[in-house]
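Engineer: What shape does this take:
(2 chains)
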Amino acid sequence: MQNEAPHLLEEREKQTRREGLPELNSAQKGKVVLRFAPNPNGPLSFGHARGIIINGEYAKEYEGELILRFDDTDTTVKPPLPEAYAIIEQEAEWLLGFKPHRIIIASDRIDQYYRHVDIMLSGGFGYVCQCSADEFREFRVSKTNCPCRANEIEPNIELWNKMLDGTFVPGDAVVRVKTDMELKNPALRDWPALRIQDTIKNPHPRKEIGSKYRVWPLLDFQSAVEDHLQGVTHIIRGKDLMDSTRKQTLLYQHFGWQYPETMYWGRVKVHEWGGFSTSQMRKDIESGKFTGWSDPRLPTIAGLSGTGIQAEALRNFWIELGVTQKDISVPLSSLYSHNTKIIDDDAPRISFIRDPILLALSGNQQSIVEIPTHPNFPAMGSRKIQLNSQQVLIESTDYGEGKLRLKEFADFDISEKSAEFISQERSDARKIIHWASVDTSSKATLQTVNNGQISKIEGVLEHHNLLKGDVVQIERIGYGVIGENNTIIFTHD
RNA sequence: GCUCGUAUAGUGUAGUGGCCCAUCAUGAAGGACUCUCAUUCCUUCGACCCGGGUUCAAAUCCCGGUACGAGCACCA
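Structural biologist: Numbers count the residues shown, from 1 in each chain, chains lettered A, B, ... in the order given. Below is the predicted model of the structure:
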């Protein structure tokens, strides 16, 4: 057997678990181009992070390029927010750990899209349709051609010019891609490519664009043309855009282009969060319900980073979820677990005493206590706690235990708001609690978010020389970020 | 309604016909370490939606069912 069929004897190596993202189809190192294309109608939120992180990771892995493209072609329903462009650029870089290789703004590229309308019209695979949305809906369901479909090339070009020159107003006409009204999937039947917007009433928020254009491409057309112009090789996006791929593939066939490889992910719900849409958040911020895009209650990138969530944690989180088409619901604890792994090694320890109770010390204890900044890393130094006034603060919930050990200090017997020194070494298995000296602590607030509500816990915080934004571990409580005015923003436990 | 898609432990994921009485992470429970209810380490728990079929062999292929989701916007 050894000689006749050696392969049967070969110890098959146990297949190892695939790490990270699945491979890209027909991808060559150095030759992939991916893109992330948000509508800049607000800064990035949690869900956008998936798009940018997954596409960005692939770009990195395959030594390719990532394009950040602003799909800002709607001035009416979800108009762009002027300041969002710059913010998104920064947030994208923060999330990725590198700058996107190219930045494209759709509203700068309208002439390119018009140029392709000309090709489409003169090639006879597009037409100007003057049916109302309602009328066309009926044609779509009954699988019948609308009358405009029969227009010759010349009349189509005339009608197109009427769209451009203002003869037509919004609703009068759209440009459609000629597919086939008998297609099985109703979504694909002669889909709309461009429409007219009232940019006098609703100018584009970018000053340089304003009311310059009346005819604007819809997503499927704009995105399809731009992907081709930019040489995009792989598109990874939500599965809600599957029919978009099918529509765009039909357009690509007309143009004689090859459609990029596609991958999709399913819907993600975070158990602890309700439904947030960018438009709704924008309204709620404008009405004062939230303080801004970085409000800690909001699932925005600004909100998350402000409460101490790290970009690397977000990256690990989204990479772990991968690109499956399943609709999933994840608990926040999963993100927090990634975050803890990132921050714990670097987080200085600090004491925050909730609802403090003052105890007078009696006995022969030290007057200065040194506590390591991080128990696992002595190199991070230590905190020196002065006890000149011999008074300490402990949490009210710890008071009443009777016998307590003040962490890294000494054992005490507690009664009547005073603490009697027992020993510096551990004398028994009494509970160890965190504490603060009145000499080296001051009033502070711990801000937490619980089911969409901000709550502020009053207490005292050990003195420190940390800076705003530093991530700390609050002993026996959890992790937090140093905020302004002696507040500490809770991250998670 | 029409069309498209997905279904593996509580949650998320690996697995593309024999390595699988199923991977890893998270979670829960227990333990070790630790002067934090942290970190680290160890142990345990726990799953292939249902029913047919193809095959010597199916989590993996096919059909049907069920469940969930998405598209059918002059939004992205």
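Engineer: So A:Ser415 sits against A:Gly400, correct?
Structural biologist: No. If you go by Cβ atoms under 8 Å, A:Ser415 and A:Gly400 don't touch, sitting 9.9 Å apart. Heads up, the C-betas are built off the backbone N, CA and C, glycines and all.
Engineer: list the contacts for A:Ser441?
Structural biologist: Applying Cβ atoms under 8 Å, 6 or more residues apart in numbering, we find A:Ser441 in contact with A:351, A:353, A:393, A:460-463.
Engineer: Can you flag which of the residues you listed belong to helices?
Structural biologist: Using DSSP state H, no member of those falls in helices.
Engineer: most surrounded residue in the residues you listed?
Structural biologist: Neighbour tally across the contacts of A:Ser441 (other Cβ atoms under 10 Å): the maximum, 28 neighbours, falls on A:Ser351.
Engineer: how about that one, what does it touch?
Structural biologist: A:434-436, A:441, A:461-462, A:474-475.
Engineer: out of those residues, which one sits closest to RNA strand B?
Structural biologist: Nearest to RNA strand B among these, counting by Cβ to the nearest atom of the strand, is A:Glu475 at 4.3 Å.
Engineer: which parts of the stretch 151-300 of chain A sit against RNA strand B?
Structural biologist: Residues of the stretch 151-300 of chain A lying close to RNA strand B by Cβ under 7 Å from any atom of the strand are A:170-172, A:174, A:184-187, A:192, A:195-196, A:216, A:218-219, A:239-244, A:266-267.
Engineer: Out of the contacts of A:Ser351, which are close to RNA strand B?
Structural biologist: Restricting the contacts of A:Ser351 to contacts with RNA strand B (Cβ under 7 Å from any atom of the strand) yields A:434, A:475.
Engineer: would you list the contacts of A:Ser351 in JSON lines and tack on pLDDT?
Structural biologist: Output for these, formatted as JSON lines (pLDDT from 0 to 100):
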{"residue": "A:His434", "pLDDT": "95"}
{"residue": "A:Trp435", "pLDDT": "95"}
{"residue": "A:Ala436", "pLDDT": "95"}
{"residue": "A:Ser441", "pLDDT": "94"}
{"residue": "A:Leu461", "pLDDT": "96"}
{"residue": "A:Glu462", "pLDDT": "95"}
{"residue": "A:Ile474", "pLDDT": "96"}
{"residue": "A:Glu475", "pLDDT": "96"}
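Engineer: Now do the end-to-end distance for stretch A:384-400.
Structural biologist: End-to-end distance of stretch A:384-400 (Cα to Cα, to the nearest Å): 27 Å.
Engineer: how far away is A:Arg297 from A:Gly459?
Structural biologist: 22 Å (Cβ to Cβ, to the nearest Å).
Engineer: Comparing these two, which shows the higher neighbour count?
Structural biologist: Using other Cβ under 10 Å as the criterion, A:Arg297 and A:Gly459 rank with A:Gly459 on top: 22 against 19.
Engineer: That one contacts A:Ala444, correct?
Structural biologist: Yes. Shown here, A:Gly459 and A:Ala444 form a contact pair, counting by Cβ under 8 Å, at 6.2 Å.
Engineer: follow-up on the earlier one: okay, and which of the residues of the stretch 151-300 of chain A next to RNA strand B map to helices?
Structural biologist: Of those, the ones assigned to helices by DSSP H are A:219, A:242-244.
Engineer: Check which element follows the top helix by length along chain A along the chain.
Structural biologist: Secondary structure of chain A per DSSP H: the longest helix is helix A:46-61. Next helix or strand after helix A:46-61 toward the C-terminus (DSSP states H and E): strand A:65-70.
Engineer: For that next one, name the packing helices and strands.
Structural biologist: Here strand A:65-70 touches strand A:33-36, helix A:46-61, helix A:84-96, strand A:102-105, helix A:219-230, going by 3 or more Cβ pairs under 8 Å, 6 or more residues apart in numbering; DSSP states H and E.
Engineer: where does the stretch 1-150 of chain A have low pLDDT?
Structural biologist: A:1-15 (pLDDT under 70).
Engineer: Enumerate every residue touching the residue in it that RNA strand B sits nearest to.
Structural biologist: Of the stretch 1-150 of chain A, the residue with the smallest distance to RNA strand B, taken as Cβ to the nearest atom of the strand, is A:Asp71 at 2.8 Å. For A:Asp71, the contact set (Cβ under 8 Å, 6+ apart) comprises A:37-39, A:106, A:219, A:222-223.
Engineer: how does it look with 10 Å?
Structural biologist: Residues in contact with A:Asp71 (Cβ atoms under 10 Å, 6 or more residues apart in numbering) are A:35, A:37-41, A:80, A:104-107, A:217, A:219, A:222-223, A:226.
Engineer: how about A:Lys212, secondary structure?
Structural biologist: coil (DSSP: H, G, I helix; E, B strand; the rest coil).
Engineer: Contact partners for the residue nearest to A:Arg140 when sequence neighbours are not counted?
Structural biologist: Of all residues not flanking A:Arg140 in the chain, A:Arg189 sits nearest, at 5.1 Å (Cβ to Cβ, 6 or more residues apart in numbering). By Cβ under 10 Å, 6+ apart, the contact set of A:Arg189 is A:136, A:139-141, A:143-145, A:176-177, A:179-183, A:247.
Engineer: got it, and A:Gly480?
Structural biologist: Going by Cβ under 10 Å, 6+ apart, A:Gly480 touches A:307-308, A:347, A:350, A:352, A:446-448, A:461, A:470-474, A:487-493.
Engineer: which of those residues count as buried?
Structural biologist: With burial judged by 16 or more other Cβ atoms under 10 Å, the buried subset of the contacts of A:Gly480 is A:307-308, A:347, A:350, A:352, A:446-448, A:461, A:470-474, A:487-492.
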